[in-house]
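Asks: Give me a model of this one.
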Amino acid sequence: MYESLQQYYGVSRVGLLHGKLSADEKDEVMQKFSNHEIDVLVSTTVVEVGVNVPNATFMMIYDADRFGLSTLHQLRGRVGRSDQQSYCVLIASPKTETGIERMTIMTQTTDGFELSERDLEMRGPGDFFGVKQSGLPDFLVANLVEDYRMLEVARDEAAELIQSGVFFENTYQHLRHFVEENLLHRSFD
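Replies: Take a look at the predicted model:
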C-alpha cells in the first residue's frame with residue numbers, strides 16, 4: 001500500500017507511521033503531516049489514539065471487519081476535527097457473521113458509548129487480571145453486559161467496606177485473605 005501510494009503521489013508526499021518507529025520518528029512523521037509536508041499518511045492503528053490533525057479530512061480503513069468496534073470508532077475520530085467536510089471509508093470483505101455485524105453496526109451509529117457496549121457484547125472484556133484483551137471472562141455467576149448495574153453496586157459496596165475500615169475487622173478476615181492471595185497478590189496489612 002505504502003509503495004503504491006508513493007508511486008502515485010511521489011515519495012516525499014507519502015508518510016508511513018507504525019509501532020516499530022521510535023517516539024521521535026513518530027513525532028517527526030506526525031509533524032510533517034500536520035504541516036502539510038506529507039499529504040497521505042499510511043498508518044497502522046498506532047494512529048488510533050492521541051493524534052489531533054484538524055486538516056485530516058479523509059481516512060480509509062482496509063480490512064475494517066477485522067477490527068473491534070471501539071478501535072474503528074477511535075480511528076474514525078481521527079478525521080473530522082475541523083469545520084471541513086470529512087470522510088472515513090471502511091473497506092471490508094467480511095467472511096464471518098461477526099465481521100458482517102461489525103460493519104452493519106458501524107453504519108448505524110456514531111455514538112461511542114453505544115459502540116463500546118456493542119463491542120463489549122461481541123468481543124468480551126478480556127482478562128481483568130491478565131493480558132488477554134478480548135474474550136469472555138471466567139465468571140461463575142455474572143454476565144458483564146447484562147449484570148453491569150449489579151456489578152457497579154457490588155464495586156461501590158466493596159469500596160465502602162474498604163474506606164470505612166470495616167473490611168479490616170476480623171469479621172472480613174477470610175474474605176480479605178482470599179482477595180490478597182487470589183486477586184491482588186499483595187497484602188493489605
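Asks: quick one: Pro147 and Ser34, what's the gap?
Replies: Just so we're on the same page, residue 147 is Asp rather than Pro. 44 Å (C-beta to C-beta, to the nearest Å). Quick note: C-beta positions are derived from backbone N, CA and C, even for glycine.
Asks: Sorry, slip of the keys, the one I care about is Phe67.
Replies: For Phe67, the distance to Ser34 - C-beta to C-beta - is 25 Å.
Asks: Settle it for me: which of these two has more neighbours?
Replies: Phe67 (21 against 15; other C-beta atoms under 10 Å).
Asks: From His177, how far out is that one?
Replies: 42 Å.
Asks: And the pLDDT for Phe188?
Replies: On pLDDT, Phe188 comes in at 55.
Asks: ditto for Leu17
Replies: Leu17 is assigned a pLDDT of 93 by the prediction.
Asks: Got phi/psi on Phe58?
Replies: Per-residue torsions, Phe58: phi -140, psi 130 (degrees, to the nearest 10).
Asks: what's the neighbour count on it?
Replies: Neighbour tally, Phe58, other C-beta under 10 Å: 13.
Asks: Identify the residue nearest it in space, chain neighbours excluded?
Replies: Tyr87 (5.2 Å; C-beta to C-beta, 6 or more residues apart in numbering).
Asks: Next, count neighbours for the one you found.
Replies: Counted with other C-beta under 10 Å, Tyr87 comes out at 11.
Asks: give the contact list for it.
Replies: Counting by C-beta atoms under 8 Å, 6 or more residues apart in numbering, Tyr87 makes contact with 57-59, 79.
Asks: Helices along this structure, start to end?
Replies: Using DSSP state H, the helices assigned to the chain run over residues 2-9, 23-34, 69-76, 97-108, 112-123, 148-164, 173-179.
Asks: Let me have those helices in CSV, adding distance to Leu41 and mean pLDDT as columns.
Replies: Output for these, formatted as CSV (distance: least, C-beta to C-beta, whole Å; pLDDT from 0 to 100):
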stretch, distance to Leu41, mean pLDDT
helix 2-9, 10, 87
helix 23-34, 5, 92
helix 69-76, 12, 91
helix 97-108, 21, 94
helix 112-123, 23, 87
helix 148-164, 37, 85
helix 173-179, 47, 84
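Asks: Skip the chain neighbours and tell me the closest residue to Leu69.
Replies: Asp119 (3.9 Å).
Asks: and that neighbour, what is it in contact with?
Replies: Asp119 neighbours (C-beta under 8 Å, 6+ apart): 68-70.
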